[in-house]
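S.K.: Take a look and give me a structure for this.
(3 chains)
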Amino acid sequence: MQFLYSGLTSGSIYGLVALGFNIIYNTTGLINFAQGEFVMLGGMLIYTLFCMFEIPFYTALPLTLAGCFIIGVLYERVFIHLARYKTEINLVTLTIAASIIMRDVAMHIWGRDSLRVDDYIPVVNVQMPGGVISSQSILIIAVSLLVAWGLNFFLKKSKYGKAMRACFDDQTAAETCGISVRNVRIMSFAVSSAMAGIAGVIISPITFVTYDDGIMIGLKGFAAAILGGLGNFWAAVAGGILLGIFESFSASVIPSGYKDAMAFFVILLILFIKPDGLFGRKKATRV
Amino acid sequence: MKRLNFTFIIIMACVLAYIGTQVSNEYYIGVATLLLIHAVNATALNILLGYTGIISIGQAAFFGLGAYVAAVLSTNYGVNPLLTMPIAAAAAFAVAYLVGSPILKLHGNYLAMATLGMGMILYIFMNEMDFITGGPSGFVGIGDIIIGKFDLADEKSFFVFMSIFFMVFLFICELFDKSFLHNKLKFIKNSESACRSYGITPAKTKVMVFASMAALTAFNGAIFTFYTHFISPVSFSFKYSVELLAMATIGGLGYITGGVVGAVLLGLVPELFSAFEEYEMIIYGGLLAVVIMFLPGGISGTLKRLVKRNA
Amino acid sequence: MLDINNIGVSFGGVHALSNVTFAMPQTGISALIGPNGAGKTTLFNVITGFVTPKEGSVKFDGKEITGFKSEQVFMGGISRTFQNLNIIPELTLRENMYLGFIGKERPSAFATMTRLNRKYWKETSQRIEECMNFVNVTEYADMTPGSVPYGVLKNFELGRAVMSKPRLLLLDEPAAGLNLAEKENLADMVRKIQSMGVCILMVEHDMQFISSLADFVVCLNFGQVIAAGTYAEVRENKEVLRAYLGDEDA
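M.R.: Residues are numbered from 1 along each chain as shown, chains lettered A, B, ... in the order given. Below you'll find the predicted structure:
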C-alpha cells in the first residue's frame, strides 16, 4: 500500500507535466521538449522569492506563476514564432535547443547545487490503511486534480478554451472563423508554462530543485502523456498516476537504480503497442 | 546523374596530411583526433536526419555501446582490439535493428522521444551494470590497438590511423551522396506514401539505415575507446546526443560536408573560447536555434546557395 | 480488369463508401467522376491499399487484392499518381525519375549504394535518359521541380508512373490546374500510354477531357455508384444530372 501512496504522489506530478504537454500539443501539434525546464523554473522562482527574499507564500506563488507565464510567452515569441521553416523536425530541434539554453542559464543563475525549498504547510504523517501518507503528498495530489479539473472546465466553457480546441481540429478553419491562431498559440504556451510552474512549486519542498531536474521530469511527463494518449486531459492525469504507481511498484522488484529506466521502458512499450495511448483517440490522416 | 565532387575530400586530405606532418604539439593532434571522431558520428546522424528524415537523439548510446563492447572484450577477454571493432558494430546493429523495427513507424515528435528514451535506457544501464561497465566511475585499463609491429600508443600514430579511417569513410560518403541509394532515401524522407505506391517499403529501408548508422557509430565508439583508454557513461549521455544533433544541423543537414563542418566548428568552440567553457552548452543551443530559425541547410547549405547565386 | 465488389468504408461513423460495385473493362481508359466528397479518392486509396475497406473485395485480373499493402499492390502491376505531385523539391527531375525504377527491380542496397557496380550504374542511367525522352522533359532534366512549368511536371509524373510497366494505371485528377494546351499535351500522353497496352482509370472533373478519352465512366455520389456506362449514357443519366446540378429539376 505504501507504494501506492508514493506512486500517487509522483504520479500526480507527472500528470501535471503531461497536461502541459497536452495543451501545447493540442493547439500546435508540437511536443515541447523544454516542458521539464519550466518545472525547474517554477521551483527556482519559488525558491528565490519565498526562501531567499522571504516574500510571503501567498504573494510569492502568484509572482512565480506570472514569471513562468511571461517566460512561456517569450519562449513562443522567440523560438517558435521566429522560425522560418516550421517543419516538424525543425521545431522539435528548436525546442531541444531552447531546453539546453534554459537549463544552462539556470545553472549560471542558481548554481549547480540542489536548493531546498521550505515547506508550505506543516508536515504531518497521516495514517492510512496499509501505510502513511504525508500532508505534502496530499497537497500535491489535491492540487493536481484541482488544476486538471480547472483546466478541463476552462477548455470546455471559456471562449479561449473553445478557441484552443478549434485550433487543434483545424487551424485554417479556426482562422477563417475569426479566431486569432497567433493568440491561441501564445496563450497555450503561456498556460502550459504556468502549469509546469505549479508542478515545480509543489514538488520542490520534497525533491528539492536542481538546474538539471528538467530532463527527467520532462521525459516522465511525456511518458505519462503518451501513456494516457495525447489530446485528452483526463487521460494525461490518469497516465501520470499510472506511471507513478508503476514506477514505485517496480522499485520494489528491481534495483532502484533502474527505476528511471522504467519510465522509458513504458514509453517504448506504449509506442510499440498502442501509439495512441491507453485512452487516446485516433486522429484521421489523409494520404 | 551528378558527377562526383572530390574537392572537399582533397581539401580534407591536405589538412590532415598537414596536421600529420607539420604539427608536433601532441595536444593539438589529440584535439584533431577527437574532432575526426565527432565528425564521423555527426555524419552518421546527418545521414539519418538529413537524408532519410529519421530524427535520432539516442546516437550517443550507440557510440557508448560500441565503446563498452570493445573495452570489455579487449580488456576482460583478451580479444584483439581490431577484432572488437566489427563485433561492437554488429552488436549495435542488432540492438538498433530490434529497437528500430517498432519505433521507426513513428514520426517527428514521437520518434525523437522514442530514440531519446532508448538512449536514456542504455545510459542508465551503463551506469547501473557496474559489474561489467565499472559504473559511473568508469572503465579503466584499456589497451592499445596493435597493427603488426605498430603499437598505436602515442598521439601521432593514432592520428594517422584515425585519418586513414576517416578518409576512407569520407570517400564512401561521397560515393553514397551521388548514388541511387541517396535518391531513394530522399524519396522516403519526402513522401512515404508515394514511395509505397512505387513499391518501396520505407519501413524496411529505414530500419536498415538506422541499424547501419548505429553500427558505424559503434565502430567509431570502439576506436574512441582505444584512443582514450578510459571511458565513463558521462561521455555517452543525452548531452552528447544533443551535441551531435547540433553539429549535424549547424553543419548542414543533407550535405556530406555538413557533419564534418559542424563537428569541427562546435568541437573547436571549447578549445578556442576556453574562457567561455562554462557557457559551452548555451553557445551550442544558441547556434543551433539560430541556424534552424534563419539558415535552412546549415552552413553547408547556405554556402552552396551563395556560391550558386554568384556563379 | 478491375472488379470492385460491394466495397464499404467508413471514417468514424461517416460512410465514405458504401456498397460500391462495378467492373472495369479489360482495355481502354475508364473514368471515375462525381461531385467533391463523393469518395473517388477514397476508392483509389482502397484499391492501392492505403485504406483497408470495412467490407467488400477488390479483384485485379481475377485475383483478390483486398487488404494488400500498397507495395504489394504495386508489385501486382498497379501504379498510381496522387493529386499533389510527388516530385521531391531537393532533387533534379533526372534524379526524381529514378523513383519509377527501384520498386519493381529491387536492386540490392550494395548495387545502389556506390558506383562501383558499373553495370547497374550504366544501365540504369541509360534507361533514365530514355524515360526522360519518353516524357519529353530532357531539356529540364537538371532542374529542380521548382523551376519547371506545372504542366511539364504533370507529364513527368505520369511518365514516371509507367516506367515500372504496370498493367493498370490510376490517375488522380491528372488535368487539374492545367491550361488548355497543357491538357491536350496530357491527353496525348495518356493515349500514348494506353497504346502501350496499359489500362487506365482516372478520377477527373474536366468533362471535356473525359469525353475525349474515356470509354467507360462510373459516377459516384455520397459514396455510392449512381451510374456506370459509356460517357454518353452516363451524361444522360438523371441521377448524375441531379448530383451535379442539384435537386430543383427533379
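S.K.: Now the one helix or strand C:L153 maps to: buried residues?
M.R.: Secondary-structure assignment from DSSP states H and E places C:L153 in helix C:150-161. Judged by neighbour count (16 or more other C-beta atoms under 10 Å in any protein chain shown), helix C:150-161 contains these buried residues: C:151-161. (Each C-beta comes from the backbone N, C-alpha and C, glycine too.)
S.K.: what's the nearest residue to residue 3 if we skip its chain neighbours?
M.R.: You didn't say which chain, so I picked chain A. Using C-beta to C-beta, 6 or more residues apart in numbering or on different chains and skipping the chain neighbours, the partner closest in space to A:F3 is A:S248 (4.6 Å).
S.K.: I was thinking of chain B, sorry if that wasn't clear
M.R.: With C-beta to C-beta, 6+ apart as the measure, B:K178 is the residue that lies nearest to B:R3, at 7.3 Å, once sequence neighbours are left out.
S.K.: That neighbour is in contact with B:L4, isn't it?
M.R.: Yes - between B:K178 and B:L4 a contact is recorded at 5.5 Å, counting by C-beta atoms under 8 Å.
S.K.: which of these two has more neighbours?
M.R.: Shown here are B:K178 and B:L4; by other C-beta atoms under 10 Å in any protein chain shown, B:K178 has more neighbours (17 against 13).
S.K.: Quick check, pLDDT for the more buried one.
M.R.: Taken from the predicted model, the pLDDT recorded for B:K178 is 83.
S.K.: can you check A:R281 too?
M.R.: 57.
S.K.: what does chain C put close to chain B?
M.R.: Where proximity means C-beta under 8 Å from any C-beta of the partner chain, the interface of chain C facing chain B comprises C:48-50, C:69-71, C:73-75, C:79-80, C:82, C:86, C:88-91, C:94-96, C:98-100, C:102-104, C:106-107, C:109, C:112-116, C:121, C:124-125, C:128, C:164.
S.K.: Now intersect these with the strands, please.
M.R.: Of the residues of chain C next to chain B, the ones assigned to strands by DSSP state E are C:79-80.
S.K.: which of the residues of chain C next to chain B count as buried?
M.R.: By neighbour count, with 16+ other C-beta under 10 Å, the residues of chain C next to chain B hold C:48-50, C:70-71, C:73-75, C:79-80, C:82, C:86, C:88, C:91, C:94-96, C:98-100, C:102-104, C:107, C:112-115, C:121, C:124, C:128, C:164 as buried.
S.K.: Which of these fall within helices?
M.R.: Taking DSSP state H as the definition of helices, these contribute C:70-71, C:73-75, C:94-96, C:99-100, C:102-104, C:112-113, C:121, C:124, C:128.
S.K.: Could you list which of those residues also contact chain A?
M.R.: Of the entries in these, not a single one is placed beside chain A under the rule of C-beta under 8 Å from any C-beta.
S.K.: Do I have it right that the residue nearest to A:F3 meets A:G131?
M.R.: No - with contact defined as C-beta under 8 Å, A:S248 does not reach A:G131; the gap is 11.4 Å.
S.K.: What ranges does the stretch 151-300 of chain B have for its helices?
M.R.: Taking DSSP state H, counting those that start in this stretch as the test, the helices found in the stretch 151-300 of chain B are B:155-177, B:180-190, B:192-197, B:202-228, B:238-251, B:256-272, B:280-294, B:298-310.
S.K.: So for C:C199, which of these sits nearest?
M.R.: Taking C-beta to C-beta as the criterion, C:C199 comes closest to helix B:192-197 out of these, the separation being 16.8 Å.
S.K.: ok, and does the closest one reach over to chain A?
M.R.: Yes - contact between helix B:192-197 and chain A is present through B:S193 (criterion: C-beta under 8 Å from any C-beta).
S.K.: Give me the distance from that helix to the chain's centre.
M.R.: Taking C-alpha atoms, centre = their mean, to the nearest Å, one finds helix B:192-197 lying 29 Å from the centre of the chain it belongs to.
S.K.: so what secondary structure elements neighbour it?
M.R.: In this structure, helix B:192-197 packs against helix B:180-190, helix B:202-228, helix C:70-75, with contacts taken as 3 or more C-beta pairs under 8 Å, 6 or more residues apart in numbering or on different chains; DSSP states H and E.
S.K.: Which residues of the stretch 201-311 of chain B lie near chain A?
M.R.: By the criterion of C-beta under 8 Å from any C-beta, the positions of the stretch 201-311 of chain B lying close to chain A are B:238, B:242, B:245-246, B:249, B:278-279, B:281-282, B:284-286, B:288-289, B:292-294, B:296.
S.K.: Restricted to buried residues, select those in PyMOL.
M.R.: Buried residues among those (16+ other C-beta under 10 Å), as a PyMOL selection:
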select buried, chain B and resi 238+242+245+246+249+279+281+282+284+285+286+288+289+292+293+296
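S.K.: Residue of the stretch 101-250 of chain A nearest chain B, please.
M.R.: A:I101 (3.8 Å; C-beta to the nearest C-beta).
S.K.: what ranges do the strands span in the stretch 1-150 of chain A?
M.R.: Along the stretch 1-150 of chain A, the stretches classed as strands by DSSP state E, counting those that start in this stretch are A:125-128, A:131-134.
S.K.: among those strands, which is the most enclosed?
M.R.: Using mean count of other C-beta atoms under 10 Å in any protein chain shown, the stretch among these with the largest mean neighbour count is strand A:131-134, at a mean of 16.
S.K.: Partner strands of that strand, with direction?
M.R.: Sheet neighbours of strand A:131-134, with direction, are listed as strand A:125-128 (antiparallel) (DSSP bridges).
S.K.: mean confidence for the strand it pairs with?
M.R.: Average pLDDT, strand A:125-128: 79.
S.K.: And the helices in chain A, which stretches?
M.R.: Across chain A, reading from the start of the chain, the helices by DSSP H fall at A:2-28, A:35-46, A:57-75, A:88-110, A:135-157, A:159-169, A:171-176, A:181-207, A:213-228, A:233-253, A:259-273.
S.K.: Give me the contact status of the shortest one with chain C.
M.R.: No - for a cut-off given as C-beta under 8 Å from any C-beta, helix A:171-176 has no contacts with chain C; the smallest distance is 15.7 Å.
S.K.: my guess is A:I245 meets A:G7, correct?
M.R.: Yes - in terms of C-beta under 8 Å, A:I245 counts as a neighbour of A:G7; the distance is 3.4 Å.
S.K.: List the contacts of A:A235.
M.R.: Remark: with contacts taken as C-beta atoms under 8 Å, 6 or more residues apart in numbering or on different chains, A:A235 is in contact with A:228-229, A:277-280.
S.K.: So for it, what's the pLDDT?
M.R.: The predicted local distance difference test score for A:A235 is 84.
S.K.: what does chain C have sitting close to chain A?
M.R.: For chain C, the residues found near chain A under the criterion C-beta under 8 Å from any C-beta are C:11-12, C:45, C:50-51, C:82.
S.K.: Between these, which sits nearest chain A?
M.R.: C:F50 (4.7 Å).
S.K.: wait, isn't that closest one in contact with C:S70?
M.R.: Yes - with contacts defined as C-beta under 8 Å, C:F50 counts as touching C:S70 at a distance of 5.9 Å.
S.K.: got a list of what residue 26 touches?
M.R.: Picking chain A for this. If a contact means C-beta under 8 Å, 6+ apart, then A:N26 has A:164-165, A:167-168, A:188, A:230-231 as its contacts.
S.K.: switch to chain C, that's the one I care about
M.R.: When the contact criterion is C-beta under 8 Å, 6+ apart, the partners of C:Q26 are C:1, C:199.
S.K.: run the last query once more with 6 Å
M.R.: Taking C-beta atoms under 6 Å, 6 or more residues apart in numbering or on different chains as the definition of contact, the neighbours of C:Q26 are C:M1.
S.K.: how much space between it and C:I7?
M.R.: C:Q26 is 20 Å from C:I7, where distance means C-beta to C-beta, to the nearest Å.
S.K.: Now do the helix or strand following the helix holding C:L153 against helix C:150-161: the angle between them, please.
M.R.: Sequence-wise, the next helix or strand downstream of helix C:150-161 (DSSP H and E) is strand C:168-172. Angle, strand C:168-172 to helix C:150-161, by axes from the mean of the first three to the mean of the last three C-alpha atoms, to 10 degrees: 150 degrees.
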